[in-house]
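Asker: Fold the following.
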Amino acid sequence: MKELGEYIITYSAVDWANRNQYIQEKLLVFDNQPPKVSVGEMPTSAKVGQVNLPQVTVTDNDTQTPIYYVTVFSPSGKLLSVTNNSFVATEKGLHRIVIVAYDAIGNRTCLNYTLKVD
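Answerer: Down below sits the predicted model:
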């Protein structure tokens, strides 16, 4: 079964006296597979200023397109704005890049990277 959801399975039997007996069972098919995240080559170092991040591609086994977020934290813990796969690094030091993807059911994948800014 490829579709997620609830299915009813009915078993029937007929005995020698032509009496019918039916039994029904519920079968739940659910999604426990997190989305798959592909990231191009993530830089490990950069200079203060604009930093370009690689393209992120997210796929899932469900028909709905999963959503994802790219978050960057500065060395002092500030949340930096990421727009069009780039951000502005204003501090030197280690920046933390987090990519989180969610599918329609709520399964998630989380990837973490570290970027040294000089």
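Asker: name the element the spatially most central residue of the chain belongs to?
Answerer: Compute the mean C-alpha point of the chain, and by Cα atoms, centre = their mean the closest residue is residue 101, 3.0 Å away. Using DSSP states H and E, residue 101 sits within strand 93-102.
Asker: partners of the next helix-or-strand element following that strand, with directions?
Answerer: Using DSSP H and E, the helix or strand that follows strand 93-102 in sequence is strand 108-117. According to DSSP bridges, strand 108-117 forms sheet pairs with strand 45-46 (parallel), strand 93-102 (antiparallel).
Asker: send the alpha carbons of strand 108-117 over as PDB?
Answerer: The C-alpha trace of strand 108-117 is given here as PDB (Å, rounded to 0.1, in the frame of the first residue of the first chain):
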ATOM      1  CA  ARG A 108      12.000  16.100  10.500                       C
ATOM      2  CA  THR A 109      15.700  16.100   9.500                       C
ATOM      3  CA  CYS A 110      18.200  18.400  11.000                       C
ATOM      4  CA  LEU A 111      21.700  19.100   9.600                       C
ATOM      5  CA  ASN A 112      24.300  21.200  11.500                       C
ATOM      6  CA  TYR A 113      27.400  22.900  10.000                       C
ATOM      7  CA  THR A 114      30.100  25.200  11.400                       C
ATOM      8  CA  LEU A 115      31.600  28.100   9.400                       C
ATOM      9  CA  LYS A 116      34.700  29.900  10.500                       C
ATOM     10  CA  VAL A 117      34.600  33.600   9.600                       C
END
